[in-house]
Structures are given as C-alpha cells and as structure tokens.
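Visitor: I'll drop the sequence and a predicted model, then ask my questions.
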Amino acid sequence: MTRLPVFAALLLSACALPATPPALPPVTGASAPATTGTQAPASQAIRDRPATILVSIDGFRPDYLHHGDTPHLDAIAAAGVSGSMYPSFPSITFPNHYTLVTGLRPDRNGIVSNTMEDPAKPGALFQLSDTKVTHDPDWWNEAEPLWVTAERAGILSGTMFWPGSDLPIRGMRPHDWILYDADYTSAQRVRTVLDWLRRPAGERPGFVTLYFDTVDKASHHDGFYAPQKTAAIRDVDAQIGVLRAGLAQIGRPANLVIVSDHGMAPVPIDQRIDPASVAPPATTRTLGWGPLVAVYPRDGVDPRTLDASVGRHAHDQCWRRESLPARFHYGRNPRVAPVICMADTGWSFADRPAGYVRGDHGFDPRDPAMRALFLAQGPAFRSGRRLAPFDNVDVAPLLRDLIGLPPGQGLDGTDQTFRAVLRPERLDR
C-alpha cells in the first residue's frame with residue numbers, strides 16, 4: 001500500500017491554485033498505514049478488465065460544454081455517452097461526492113452537509129477547515145465507498161483525492177491514496193494517476209478516482225463570470241486530454257466516467273438575505289451560509305421557538321426537519337439540523353454582500369442551474385448516446401458493473417439508467 005508525500009493538508013475550499021503551475025515533482029511512493037479488514041483475491045478475469053476511472057470536476061455545469069473551451073470533453077461527449085444528473089439534496093460538495101461512490105443519498109450515507117453536528121458526538125463540529133474532525137472515521141462509517149468495496153473484493157483502488165478517501169473507512173483505505181493538498185496542480189494529479197496505471201498487472205489499481213477543484217474555486221472566489229473560471233475550465237479540459245493521451249501511450253484501456261457533484265448559479269451582489277431575518281440570534285444559532293443554513297435553538301431555549309423560523313419568506317423557505325419535501329429524501333438522519341433554510345436560486349444568506357457576482361450552489365437540486373455533468377467513454381460504452389437527466393445515485397451501481405463488483409444491496413440508485421448505452425458483452429464477470 002502506498003501514498004505519495006504531500007505538502008500541508010488544506011481544506012477543499014481553499015484558495016484557487018496559482019496561475020502558473022509549479023514544476024512537477026518526482027512521483028515516489030512511501031509506506032502508508034496498514035490496511036485492516038478482509039481482502040479477497042480478485043479473479044484473473046476481473047484483474048484483466050479495463051481500468052475504471054471516475055473523474056470529478058467540482059462545480060462543472062453541463063452547459064459549460066460546446067463553447068470552444070472544452071474540446072477534449074466535447075470529443076468524449078460526441079464519441080461516448082453524455083447527459084446531466086440531478087444532484088442529491090443538499091447540492092453541495094461533500095454530501096454529493098459521497099453519494100457518487102456509495103449509491104446512498106446523504107441522509108443515508110451520513111455526510112449530510114459540509115458543516116454538521118452529530119448528537120452522538122457532543123461538542124464536535126464537522127467542517128472542512130478542521131481535518132482533525134473530518135478525518136474521524138465515525139463520520140464516514142455509515143456507508144461504504146466503492147474503493148473499500150473493491151479492496152475487499154481483491155481489486156486494487158487508487159484515489160487521487162476524493163472526500164473521505166484519505167482516512168480508513170470501515171477499517172480499510174484504498175491501496176493508493178493521497179492526503180488532500182490544495183497545492184497539488186491538475187497536471188500533478190493526472191501524472192499521478194498515469195503513473196499508477198503504468199504498473200504491471202496485479203500491481204496497478206482497477207478502480208481510480210481523480211478530483212479537480214479549480215472550476216468550483218474560481219466560481220466561488222473570483223466570480224461566476226470571471227475570466228479565471230474560464231481559464232480553469234480550459235485547464236481541466238486540457239488535463240483530461242493529457243489523461244486520454246497518456247492512457248493511449250501506455251496502451252491501457254479504461255472506462256472513463258466524468259461527473260460533477262453539482263452545478264453553479266450566479267448570485268448578484270444585492271441578492272443578500274440576512275440570516276438574522278429568519279433565525280433571530282437571541283434564541284437560535286445557525287450553521288452554514290450561502291444558499292443553505294441550518295438552524296438550532298440556543299442552549300436552554302425552548303425548541304418550539306424554532307417555529308418562528310419555519311415557512312416561506314421573501315427569498316427563501318425554512319422547513320422543520322420532519323417536514324422537508326419528500327423529493328429531497330432528507331431529514332431522518334439525526335445529523336440533520338432541526339430546521340433547514342434554503343435560499344431561492346440566485347440569493348444567499350450572508351451578513352454582508354460579496355464584491356462581485358459570486359458563483360454558488362446548494363440551491364434546489366431540481367433547478368437547471370444545479371444540474372451536474374455526466375460523460376462516459378470506453379470499451380463498455382456505446383458511441384454517441386445521450387441520456388435523459390437522472391439522479392446521481394445511479395452512478396455507483398454503474399461503477400460496480402464496470403469494476404466487476406456484484407450489484408449492491410439496498411442502494412438508492414439503479415444501473416437500469418445505463419442499460420441502453422452499455423455493451424453487455426464488455427461486462428461479463
């Protein structure tokens with residue numbers, strides 16, 4: 001088991017990467033903590049399968065394609081399978097990335113928000129800036145990600161960043177993993193994956209994740225219409241081209257599945273909601289900001305005071321946990337706050353406005369602006385097919401088919417979405 005040396009670990013919402021990438025360091029391995037759990041030997045047929053590479057472009061809207069900035073992604077869409085997905089509620093990063101690799105919605109996989117509390121862990125606050133907390137496996141053990149399932153089946157996995165991939169979940173890590181480092185450039189990430197796949201059979205991973213965060217960061221930090229966002233889109237597209245060319249050069253067949261976790265919407269400067277207008281600070285406290293806030297009663301305050309927050313307001317709506325719309329499939333997990341408030345698309349909970357038209361997400365998953373990307377190409381996929389929009393819980397069952405894992409039990413999604421675009425003869429186990 002190996003991991004690569006990295007710089008200081010930074011949170012996923014850290015500043016955008018420098019415009020000029022640093023020189024690529026040599027890719028060398030170092031010993032990682034021992035894997036625990038049970039690992040079975042993989043059959044030769046499964047080991048001989050094409051690699052499955054799951055690529056996430058955080059915050060990438062499907063309509064970013066076909067504008068002259070994404071020639072490599074456009075080529076994949078034309079030659080493979082394309083479509084769009086409805087993210088799971090809430091339409092934010094950690095919950096949806098965990099849904100994509102577990103097949104369970106956030107209410108069932110346990111990662112119900114980027115910022116959350118758990119009644120079973122009093123005093124602990126899960127937030128992206130506190131890796132001591134987010135690296136506690138208890139937060140993640142409610143569901144099993146595909147890299148753990150693959151490892152148990154004897155299929156090596158490699159995670160080039162993915163929420164939850166740099167800690168042991170249910171006692172196991174991926175064979176190859178890297179502690180998240182915001183300074184790791186897109187080029188370094190692709191080079192690492194190609195180096196893993198250069199290894200001989202039996203030593204290279206059969207399932208790989210690859211995560212790009214620059215498009216999301218540029219939308220948040222520079223603005224929805226900023227040239228930095230366009231530059232990030234072009235850079236990620238170029239690195240997808242490097243990945244495809246590298247796979248061809250080393251003669252490694254692979255099924256590429258390229259997704260995003262959610263879309264992005266512009267938030268004009270003057271479309272601000274003061275959180276105090278829906279959650280009076282004298283009696284309540286809030287977690288989060290932007291399109292979503294979670295509301296709790298202050299210590300010693302009667303929880304019934306939260307009723308004053310519930311309802312439709314000028315530019316948002318607040319629900320009791322037990323009364324959230326059924327289509328959200330959200331509210332039964334004890335980590336969900338007593339009251340959830342969601343801004344209308346284009347509005348934001350903030351105590352002061354941003355100085356630019358910010359890009360943001362967390363709005364209603366059925367809003368077209370929140371649609372997530374789906375592209376796929378490889379030996380298992382038919383050519384030139386277009387899918388109708390589908391729920392992102394269907395991705396994990398598809399990946400299980402590609403990797404060679406048996407169908408999952410009790411998942412929220414189904415691989416039936418993809419039956420018409422797959423080549424069944426390429427999925428024989």
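Guide: Cool, the structure landed.

Visitor: Please enumerate the helices of the stretch 201-350 of the chain.
Guide: Counting by DSSP state H, counting those that start in this stretch, one finds helices in the stretch 201-350 of the chain at the ranges 214-221, 227-249.

Visitor: Of all these, which one comes closest to Arg332?
Guide: In this view, these are compared for proximity to Arg332 by C-beta to C-beta, and helix 214-221 is the closest at 28.5 Å. The C-beta positions use only the backbone N, C-alpha and C, and glycine is treated the same way.

Visitor: picking that back up, and among the helices of the stretch 201-350 of the chain, the most buried is which?
Guide: Most buried of these, by mean neighbour count (mean count of other C-beta atoms under 10 Å): helix 214-221, with a mean of 24.

Visitor: Next, the angle helix 227-249 makes with it.
Guide: Counting by axes from the mean of the first three to the mean of the last three C-alpha atoms, to 10 degrees, helix 214-221 lies at 170 degrees to helix 227-249.

Visitor: From the chain's centre, how far out is helix 214-221? Work that out for me.
Guide: Distance of helix 214-221 from the chain centroid (C-alpha atoms, centre = their mean, to the nearest Å) equals 14 Å.

Visitor: Please apply the same query to stretch 352-366.
Guide: The chain centre lies 18 Å from the centre of stretch 352-366; the measure is C-alpha atoms, centre = their mean.

Visitor: what is the rounded mean pLDDT of that stretch?
Guide: Model confidence over stretch 352-366, given as mean pLDDT, is 92.

Visitor: Check stretch 72-80 too.
Guide: Mean per-residue pLDDT for stretch 72-80: 98.

Visitor: which residues sit against that stretch?
Guide: If you take C-beta atoms under 8 Å, 6 or more residues apart in numbering as the criterion, stretch 72-80 is touched by 65-66, 82, 237-238, 240-241, 244, 256, 258, 375-378, 381, 383-385.

Visitor: Now do whatever helix or strand Asn96 lives in: which elements does it pack against?
Guide: In this structure, Asn96 sits in helix 93-102 according to DSSP states H and E. Packing partners of helix 93-102 (3 or more C-beta pairs under 8 Å, 6 or more residues apart in numbering; DSSP states H and E): strand 51-57, helix 106-109, helix 146-152, helix 395-403.

Visitor: Contact partners for Pro365?
Guide: Pro365 makes contact with Tyr86, Pro87, Ser88, Phe89, Pro90, Ser91, His262, Phe328 under the criterion C-beta under 8 Å, 6+ apart.

Visitor: now Val112
Guide: Contacts of Val112 by C-beta under 8 Å, 6+ apart are Pro90, Pro95, Pro106, Tyr330, Asn333, Arg335, Val336.

Visitor: separation between the fifth one and Ser84?
Guide: Counting by C-beta to C-beta, to the nearest Å, the separation of Asn333 from Ser84 is 27 Å.

Visitor: In stretch 64-76, which residues are buried?
Guide: Residues of stretch 64-76 classed as buried by neighbour count (16 or more other C-beta atoms under 10 Å): Tyr64, Leu65, Asp69, Thr70, His72, Leu73, Asp74, Ala75, Ile76.

Visitor: What separates the first and last residues of that stretch, distance-wise?
Guide: Distance between the boundary residues of stretch 64-76 (C-alpha to C-alpha, to the nearest Å) amounts to 14 Å.

Visitor: what does stretch 332-351 give?
Guide: Start and end residues of stretch 332-351 are separated by 30 Å (C-alpha to C-alpha).

Visitor: same thing with stretch 204-224?
Guide: The first and last residues of stretch 204-224 sit 39 Å apart, counting by C-alpha to C-alpha.

Visitor: Do me a favour and average the pLDDT over it.
Guide: Per-residue pLDDT values over stretch 204-224 give a mean of 98.

Visitor: Over to stretch 85-100?
Guide: For stretch 85-100, the mean pLDDT works out to 98.

Visitor: Then stretch 386-397?
Guide: Mean predicted lDDT for stretch 386-397 stands at 98.

Visitor: next one: stretch 115-128
Guide: 95.

Visitor: Next, the distance between the ends of it.
Guide: 7 Å.

Visitor: same thing with stretch 274-283?
Guide: This stretch, stretch 274-283, spans 16 Å end to end (C-alpha to C-alpha).

Visitor: Just the mean pLDDT for it, thanks.
Guide: Stretch 274-283 carries an average pLDDT of 94.

Visitor: Could you do stretch 303-322 as well?
Guide: In this model, stretch 303-322 carries a mean pLDDT of 96.

Visitor: ok so, going back, quick check, nearest of the contacts of Val112 to Phe349?
Guide: For Phe349, the nearest member of the contacts of Val112 is Pro90. The distance, counting by C-beta to C-beta, is 13.1 Å.

Visitor: Show me where the stretch 1-150 of the chain has its helices.
Guide: 44-47, 71-79, 93-102, 106-109, 131-134, 146-152.

Visitor: same for the fourth one, what does it pack against?
Guide: For helix 106-109, the elements it packs on are helix 93-102, judged by 3+ C-beta pairs under 8 Å, 6+ apart.

Visitor: who's in contact with the helix it packs on?
Guide: Contacts to helix 93-102, defined as C-beta under 8 Å, 6+ apart, come from residues 12, 54, 56, 58, 87-88, 105-106, 109-114, 128, 140, 143-147, 162-164, 209, 211, 216, 259, 261-262, 372, 392-393, 395-396, 399, 411.

Visitor: Domains of this protein: list them as residue ranges, please.
Guide: 2-266+365-426, 272-353 (automatic domain parsing).

Visitor: and of the helices of the stretch 201-350 of the chain, who's closest to Asp316?
Guide: helix 214-221 (19.8 Å).

Visitor: Quick one: list the elements packing against that closest one.
Guide: Where contact means 3+ C-beta pairs under 8 Å, 6+ apart, helix 214-221 is packed against helix 227-249, strand 358-360.

Visitor: Please tell me how far Ser88 sits from Asp412.
Guide: Per C-beta to C-beta, Ser88 is found 8 Å from Asp412.

Visitor: Give me the pLDDT for Arg198.
Guide: In this model, Arg198 carries a pLDDT of 97.

Visitor: Give me the distance from stretch 334-354 to the chain's centre.
Guide: Using C-alpha atoms, centre = their mean, the distance between the centre of stretch 334-354 and that of its chain works out at 20 Å.
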